[in-house]
Every structure is written in C-alpha cells, then in structure tokens.
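> coordinates only, sequence not included:
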C-alpha cells in the first residue's frame, strides 16, 4: 500500500522551511500532496493560482509530490485522496499547542488519518511566510529564505505598491 500524506497550508508564499519539511517527509511517505487551503474569506498576498505555480517550480525535483487545493475539512479531503497521513511542520512550542489541538480534532473526526509532526530544520526555525513578507515589505533581504522565483515574485508584488504607507495598508489587509 502506498503511504500518502497531505501537507496542508496557505503557502503564501512557499518558504525554504516548507521545502525542507517536504524533502524530509518524503523519507517517511511515498507521496506527499501539498494542499493549499482555499479560504475565500482571507485575501493572501498571492492568488491561489500564483501559489500553485510557485510550488510547481519549487518542488519540480520531487516527482512524488503533487500540488492541489482544497476547502472544507482536512480529514475529508485526506479521505477523498486516500491519504492516511497529515504532515505538519513545527517551529516552536506555540506551533505545537495549536497543531496538537488540530491533530486531536482530526483524530476525533477520522481515526484512520494520523498526523505526523516534523521539527523544522534549525536553519529555518525563525522563518514563516508572514515574517518573510513583512521583512520584504520594508526592503529586508530575504535571500536564502525562499526559492529564487518566490523572492522575485515577492519583490514584484511590493514594487506594485509605491509608498511605504500603501505597502503597510496592503499587509494589514492581507493578515486580517
């Protein structure tokens, strides 16, 4: 039986920490489905289509990785995709508290789906999509934190808003 895991997230944008989790997750699972949660109530920096494209380019060296989108309950999506695992990355204790609650709820909803936690590699422990976007918004160097394509796309997004006040307003809107 093929061991399939869902790696859910917003991936807005994908970071090198995400890629690290996928690469190490492939040592446990035969196939990983990187699944972007479609949330129409939350506007991201990138559209779902842009995120899919960045993920495809960033993950092209892994033939056993698929990119998809979903909405609704993660365990229902996992069942539909015949996955028995949910892959989650942890950076800090605060991540664990939230993820642990989610894993317990998912287990209550479907005991056939197991959550597997992987600690983020030490070189990525401080990174998150939100922190990277915030640093880039104010001209910070995000080189090495995201794939080169993603870095270019982030710069393009923030170049579209010419003043710091507009950039700040856009980021606040995206985080709500």
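Yep, it's here. What you are looking at is a predicted structure, and each value in this text was computed from that prediction instead of being measured. Numbering: from 1, shown residues only.
> which other residues reach stretch 72-90?
3-8, 17-18, 20-21, 25, 28-29, 32-33, 35, 37, 68, 70, 95-96, 99, 102-103, 106, 109-110, 112-120 (Cβ atoms under 8 Å, 6 or more residues apart in numbering). The C-beta positions use only the backbone N, C-alpha and C, and glycine is treated the same way.
> could I have the buried ones of the residues you listed as ChimeraX selection syntax?
Selection command for ChimeraX covering only the buried members of the contacts of stretch 72-90, criterion 16 or more other Cβ atoms under 10 Å:
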select :4,5,6,7,8,17,18,20,21,25,29,32,33,35,37,70,95,99,103,106,110,113,115,118,120
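> mind checking which of the contacts of stretch 72-90 land in helices?
Residues of those located in helices (DSSP state H): 17, 18, 20, 21, 25, 95, 96, 99, 102, 103, 106, 109.
> least confident of the residues you listed?
Least confident entry in the ones in helices among the contacts of stretch 72-90, by pLDDT: residue 95, with 81.
> what distance do you get for that residue to residue 128?
Going from residue 95 to residue 128 by Cβ to Cβ, to the nearest Å gives 9 Å.
> same check, this time on residue 137
Counting by Cβ to Cβ, the gap from residue 137 to residue 128 is 14 Å.
> equivalent analysis for residue 32, please.
Residue 32 is 20 Å from residue 128, by Cβ to Cβ.
> and for residue 60?
In terms of Cβ to Cβ, residue 60 sits 24 Å off from residue 128.
> which residue of those two possesses the greater neighbour count?
Applying other Cβ atoms under 10 Å to residue 60 and residue 128 shows that residue 128 carries more neighbours, namely 18 against 9.
> tell me who's in contact with that one.
Neighbours of residue 128 in contact, by Cβ under 8 Å, 6+ apart: 15, 17, 91.
> domain ranges for this structure, per the record?
Following automatic domain parsing, one gets these domains for the chain: 4-124, 129-175.
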